[in-house]
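Trainee: next come a sequence and a model predicted from it.
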Amino acid sequence: MVETAAIRALRSMDLIPFVLENPGVSIAELAEKFSVTQEQIKSDLQLVFMCGLPGYTPYDLIDVAFEDGIVSVIDPQVLNRPRNFSSNEIVVIALGLKMLIDINQMNPTATSKLKKLSEKVAKLGGSNSILMAGDVSQVPFFEIISKAISQQRVLNLQYHSLIKDQVTNRLVLPEKLYFLNGSLYLLAMDINIDSDRVFKVELIKECEIGAPANVKKSVAAPVETTVILDIQRENQSFIERNSSIITAMEERGKSTRVHLQVSNLEWIMRAVLSNAPGITVISPESLVIEIKETAGDLLALY
């Protein structure tokens, strides 16, 4: 996963209060805590050293020292406490906790701990968070999907695929529900093709619980293809949305060249066409040809 400037900025803001709460912490310990290299921690600290309050005189900047591998904060300015969750982050956490509570009803110990944590999180965000957390079970088919996961039963889905722009029937073995960018997703194994697929819950048109699962998930890893794209500046949001599958980036003047690991070429083809001409495929050649042919067919309709 390629790190974005936003991720680095957030980590840098988290470093200062953590060091203050853990005097004498080493660069090696910080690297382990924040899951990055020691060189990255040094780079983050150098960045923090140049940040501060408006005015930017030596008296307004954050003062950090790191000698012999030990980090000390002399003047944290306003970063003496951990940053707060945003209202959106609180809502997503509260929804996630409520979902975990609903699918762990058979485990009283886990449910009790989750409820206590949920109550604490709800207090951080006010009434809006509490309301949304309580309504998670009202998400269409949430109860059916949760029951299928806990009882290890198959699901019969009627699903609207945005990639193919068609509604299809799927027989799946559900594995987990999770939130991403404010939407609820279902990770499940498509039994007919013996492969994992991700379904956006709001795109499920019909959902019925089926028989207990009597299939075993294949341990074979999904086949991935390396795709190289040139992305213009006005389409940089594509990089932010798909940073988890980007393995390398290179700035090239007015564009950014990115390398992605893609298991669904139909998805990347549709993404390129919908962002044309802001995104250009460099490789593989087969994808370049297929996109050109599809674009030609679309233009012929007008």
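Mentor: Noted; the coordinates are in hand.
Trainee: and residue 36, how far from residue 189?
Mentor: According to CB to CB, to the nearest Å, residue 36 and residue 189 sit 33 Å apart. Backbone N, C-alpha and C define where each C-beta goes, glycine included.
Trainee: tell me how many other residues crowd residue 108.
Mentor: Around residue 108 sit 9 other residues, with neighbours defined as other CB atoms under 10 Å.
Trainee: in the record's domain split, what are the boundaries for the protein?
Mentor: Listed by automatic domain parsing, the domain ranges of the chain are 5-75, 87-138, 153-212, 225-300.
Trainee: before we move on, the earlier item: residue 36 and residue 189 - which one has more neighbours?
Mentor: Ranked by neighbour count (other CB under 10 Å), residue 36 and residue 189 place residue 189 first, with 21 against 17.
Trainee: what sits against residue 294?
Mentor: Shown in contact with residue 294 (CB atoms under 8 Å, 6 or more residues apart in numbering): 269, 273.
Trainee: got the buried residues for stretch 260-275?
Mentor: Buried positions in stretch 260-275, judged by neighbour count with 16 or more other CB atoms under 10 Å: 260, 262, 268, 269, 270, 271, 272, 275.
Trainee: my guess is the third one meets residue 226, correct?
Mentor: By that I understand residue 268. No: using CB atoms under 8 Å, residue 268 makes no contact with residue 226, being 11.1 Å away.
Trainee: overlap of the contact sets of the two?
Mentor: Common neighbours of residue 268 and residue 226 are listed as 260, 262 (criterion: CB under 8 Å, 6+ apart).
Trainee: got a list of what residue 269 touches?
Mentor: Residue 269 makes contact with 287, 290, 291, 294, according to CB under 8 Å, 6+ apart.
Trainee: per-residue pLDDT, it?
Mentor: What the model reports as pLDDT for residue 269 is 87.
Trainee: swap in residue 255?
Mentor: For residue 255, the pLDDT comes out at 90.
Trainee: which ones are touching it?
Mentor: 230, 231, 232, 233.
Trainee: for this protein, which strand is longest?
Mentor: Assignment by DSSP state E gives strand 166-180 as the longest strand of the chain.
Trainee: contact partners of that strand?
Mentor: Where contact means CB under 8 Å, 6+ apart, the residues beyond strand 166-180 that reach it are 92, 95-96, 99, 103, 142, 145-146, 148-149, 152, 154-161, 184-192, 196-197, 199, 201, 205, 210, 213, 215, 217.
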